[in-house]
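Peer 1: No letters, just coordinates:
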């Protein structure tokens, strides 16, 4: 199961990066061709679709790598065990918030089935709005794994889930 999750994570990261590059190329091309009175009329709609998915999937990648914005000046003043309890609380609140995003985002996606893009009338706007509940589910998984790591490493005062980087190799401590 761990190997499948690692493969999924790698695919998600490559996908997010590719989509962001695609957005830049698409918008640049649309602006370039507009100068020559040959606008790419569907470029804005495709960019909205790509951006919604890239932003929300990118948030999952950022959470996994502990790269979301956070303020920990006060928390760092507490002992390690209290810090971990606060981290458990914060991730629990995040999961509750994400669960509401899944619920209301699903409702929004269902409600926007009949809404179409301006230039792509055959495509439902639900493909944009569904990025919220889908990515929220993925972020719930990520937050749950973070909670699991905190619990597994609760007695280890050196472990800090917010500094945990899945890509880093274990550092050897030098004697000096």
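Peer 2: Sure, I can see it. Just so you know, these numbers come straight off a predicted model, no measurement behind them. Numbers count the residues shown, from 1 in each chain.

Peer 1: Check which helices and strands the lowest-mean-pLDDT helix or strand in the chain is in contact with.
Peer 2: Within the chain, no helix or strand scores below helix 126-129, which has a mean of 90 by mean pLDDT, DSSP states H and E. If contacts are counted by 3 or more C-beta pairs under 8 Å, 6 or more residues apart in numbering; DSSP states H and E, helix 126-129 sits against helix 43-64, helix 80-111. (Glycine included, C-beta is placed from N, CA and C.)

Peer 1: Adding mean neighbour count and mean pLDDT, write the ones you listed out as a markdown table.
Peer 2: Listed next are these as a markdown table, based on neighbours: other C-beta atoms under 10 Å; pLDDT from 0 to 100:
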| stretch | mean neighbour count | mean pLDDT |
| --- | --- | --- |
| helix 43-64 | 19 | 93 |
| helix 80-111 | 15 | 94 |
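
Peer 1: how about those in TSV, adding distance to residue 128?
Peer 2: Output for the helices and strands packed on helix 126-129, formatted as TSV (distance: least, C-beta to C-beta, whole Å):
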stretch	distance to residue 128
helix 43-64	5
helix 80-111	9
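
Peer 1: Among these, which comes closest to residue 26?
Peer 2: helix 43-64 (5.3 Å; C-beta to C-beta).

Peer 1: contact partners of that closest one?
Peer 2: 9, 12-13, 15-16, 19-20, 22-23, 26-27, 29-30, 68, 117-120, 123, 127-129, 131-132, 134-136, 138-139, 142-143, 146, 166 (C-beta atoms under 8 Å, 6 or more residues apart in numbering).

Peer 1: If I take it and helix 80-111, what angle do their directions form?
Peer 2: 160 degrees (axes from the mean of the first three to the mean of the last three C-alpha atoms, to 10 degrees).

Peer 1: before we move on, the earlier item: what average pLDDT does the next helix-or-strand element following the least confident helix or strand of the chain get?
Peer 2: Remark: after helix 126-129, the chain's next helix or strand is helix 131-152, criterion DSSP states H and E. Average pLDDT, helix 131-152: 95.

Peer 1: start the count at 670, not 1, going forward
Peer 2: Taking 670 as the first residue, the last one we looked at is helix 800-821.

Peer 1: Quick check on the contacts of helix 712-733: which are buried?
Peer 2: With burial judged by 16 or more other C-beta atoms under 10 Å, the buried subset of those is 678, 681-682, 685, 688, 692, 695-696, 699, 786, 796-798, 800-801, 803-805, 807-808, 811-812, 815.

Peer 1: quick one: which of the helices and strands packed on helix 795-798 is nearest residue 741?
Peer 2: helix 749-780 (8.4 Å).
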